[in-house]
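Participant: model the following, please.
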Amino acid sequence: MFMRTSILYFGIALSVLTFSSCKDKLELNAPYQEIPSIYAVLDVASNTHIIRINKVFLGEGDANLMAQVADSINYPEGELIVKMRHSGGKVYSFKDSLLQTDPGAFNSTQRVYVNHETLLTTGTYTLSVENTRTKNVFTSVAKALSPPNVMGYNPFVTPYYPAPVGSPPNNPDFYIDYSGKTTKYSVKFSPNLNDAQGPKIYSLVMRLHYYDSLGVSGKNFEYIDYTFNNQYLKDVTTIGGIKFINYEFKGQDVISAVGIEMNKRKDPNFFVGRKMYKIQYFVYASTQEYLDYLEYSKPSFSISQTKPIYSNFSENKAIGIFTFRYSTNIQKSISNSFISCFASDPSTCKYSFFEADLDLPGCL
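Facilitator: Numbering: from 1, shown residues only. Model (predicted):
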């Protein structure tokens, strides 16, 4: 569902989105209507669930200045009652809390609403936000999300990082090896196609961890993310009669991506060299509602200055989204041959990567 608005400034999610619409005439003195901005994308794999609720405001002053005032965007403590009821009867209550966000267009002190209970992965949920002062109630209904079957396929198999001492060096279950520069590798998992409440959108991030050796001063730990494009149910691949969400890449793709990112970074004032030491995989999945929200939030290149604003709340009384997502991550050790690739490859050798045995060949 979507709705249109005049000039509105509001914050949702941890990165604040701003939409605007211009008309020839603005009724600045029109009667005030309470329209909160609610961002409730809850992770079924987590026991910490955060809902962000902000005021939508319209004023005659400088909107940028008003946005920096905490009271302009936050509801007072205790004014909102935030609850979520499962179709099976369980009620989840959310408590007020304050968090500090990175500096930006809006005040960095944000009031959020937090719950620390395990979510059920079937049925439906109804989110209710009640303003005890105005007596307004804002509701939205969302289907629960059952997670994809991630575990059981390499690299999502034990043992995880660190590999046990004496582990077979060439066993891919123990060590990740992407040293074949023209070899095609893949990360795959089952999308649970027979589950109507399963995810509709998937993403994968491969995080390569390295450290800068600072000599006697110790180590500086850093990482580089290699992010894959989103995949959808239409992208399902059949392998050996089994359907997978499958991400394919070559070893050189990963090494070159590290080189591109290292080119943007500055070396510490003093360091001996750097070394890769582990790799981490993040899998994210979410619902059709979240997919719609992401699609609609993309920048518009239309000449039209009027843009609907996404809402899946009852009667469009609130701006924003209520739905579910899934996230998980594991860490694996890296094979010696893959570690050494970064020391000798033309795209990374100039960044002083050690080989696995701590030799520092540089660019030969």
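Participant: and Cys341, which of the three is it?
Facilitator: Here Cys341 is recorded as helix under DSSP: H, G, I helix; E, B strand; the rest coil.
Participant: leaving out the residues flanking it, which one is nearest to it?
Facilitator: Excluding the flanking residues, the one nearest Cys341 by C-beta to C-beta, 6 or more residues apart in numbering is Ser179, at 5.0 Å. Bear in mind the C-beta positions are built from the backbone N, C-alpha and C, glycine included.
Participant: same check, this time on Tyr161
Facilitator: Sequence neighbours aside, Gln331 is the residue nearest to Tyr161 in space, at 3.8 Å (criterion: C-beta to C-beta, 6+ apart).
Participant: is it fair to say the one you found lies in a helix?
Facilitator: No. Judged by three-state DSSP, Gln331 forms no part of a helix; its state is strand.
Participant: residue contacts, it?
Facilitator: By C-beta atoms under 8 Å, 6 or more residues apart in numbering, the contact set of Gln331 is 160-161, 278-281.
Participant: helix/strand/coil for the residue nearest to the spatial centre of the chain?
Facilitator: Among the residues of the chain, Tyr284 comes closest to the average C-alpha position under C-alpha atoms, centre = their mean, at 7.2 Å. Secondary structure assignment for Tyr284 (three-state DSSP): strand.
Participant: show me what contacts it?
Facilitator: Tyr284 neighbours (C-beta under 8 Å, 6+ apart): 202-205, 325-327.
Participant: try 7 Å this time
Facilitator: Tyr284 makes contacts with 202-203, 325, 327, as judged by C-beta atoms under 7 Å, 6 or more residues apart in numbering.
Participant: equivalent analysis for Ser337, please.
Facilitator: Ser337 makes contacts with 177, 179, as judged by C-beta under 7 Å, 6+ apart.
Participant: for it, helix, strand, or coil?
Facilitator: Ser337 carries the three-state label helix when classified by three-state DSSP.
Participant: inside strands: which ones of the contacts of Tyr284?
Facilitator: Here DSSP state E is the test, and the contacts of Tyr284 give 202-203, 325, 327 as lying in strands.
Participant: could you identify the buried members of the residues you listed?
Facilitator: Buried by 16 or more other C-beta atoms under 10 Å: 202-203, 325, 327, out of the ones in strands among the contacts of Tyr284.
Participant: picking that back up, give me the neighbour count for the residue nearest to Cys341.
Facilitator: A count of neighbours around Ser179, defined by other C-beta atoms under 10 Å, yields 19.
Participant: likewise Asp212?
Facilitator: By other C-beta under 10 Å, the residues close to Asp212 number 19.
Participant: roughly how far apart are it and Ile334?
Facilitator: Asp212 sits at a distance of 17 Å from Ile334 (criterion: C-beta to C-beta, to the nearest Å).
Participant: same question, Phe174
Facilitator: Distance of Phe174 to Ile334, computed by C-beta to C-beta: 11 Å.
Participant: who has more neighbours out of the two?
Facilitator: Relative neighbour count places Ile334 above the other of Phe174 and Ile334, with 25 against 21, counting by other C-beta under 10 Å.
Participant: with respect to Pro76, which of the contacts of Tyr284 is nearest?
Facilitator: Pro76 lies nearest to Arg325 out of the contacts of Tyr284, by C-beta to C-beta, at 29.3 Å.
Participant: hmm, the closest one is touching Val41, no?
Facilitator: Yes. The pair Arg325 / Val41 is scored as a contact, 5.4 Å apart, by C-beta atoms under 7 Å.
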